[in-house]
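Colleague: Fold the following and give me the result.
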Amino acid sequence: MKINNRRSDIQIIADMLRLGEAGKTEIMYSANMSYFQLQKYLKFLLHQKLIDKVYLGNPSVSYRVTERGFTLLRHIDSIQQILESEDEDAPITAQDSLSANKEKK
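Modeller: This is a model prediction of the structure:
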């Protein structure tokens, strides 16, 4: 079930984190956002230590997801999987989700 057509902040953050490492332009186009939105989210992600700024040379800068960012992304994906479960009658526990994630690796 899709709650609404607009992406939440969490969905946008997850889209950005899924890139792993990228420059501003790639993040902006891949996550389908404006430059203003990009600046806002990059500032937040840097402040929360979910990404690091990587200096590739003047003026080239890239952004790389930290371990903390990958942990957040795994949690977001687990929650989305639970919410989008097709079999609404079957209860899904945290342990089921953790087991499923371990099997994927």
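Colleague: Just give the closest residue to V54, not the sequence neighbours.
Modeller: Nearest residue to V54, sequence neighbours excluded (CB to CB, 6 or more residues apart in numbering): S62, at 4.4 Å. To be clear about C-beta, it is placed using only N, CA and C from the backbone, and glycine gets the same treatment.
Colleague: so what's the one you found up against?
Modeller: By CB atoms under 8 Å, 6 or more residues apart in numbering, the contact list for S62 reads 21-23, 53-54, 56.
Colleague: do the same with I13
Modeller: By CB under 8 Å, 6+ apart, the neighbours of I13 are 41, 44-45, 50, 72, 76.
Colleague: Which members of these occur in helices, if any?
Modeller: Using DSSP state H, the subset of the contacts of I13 located in helices is 41, 44-45, 72, 76.
Colleague: Which of the helices and strands in the protein ranks last by mean pLDDT?
Modeller: Sorting the helices and strands of the chain by mean pLDDT, DSSP states H and E puts helix 94-104 at the bottom, at a mean of 56.
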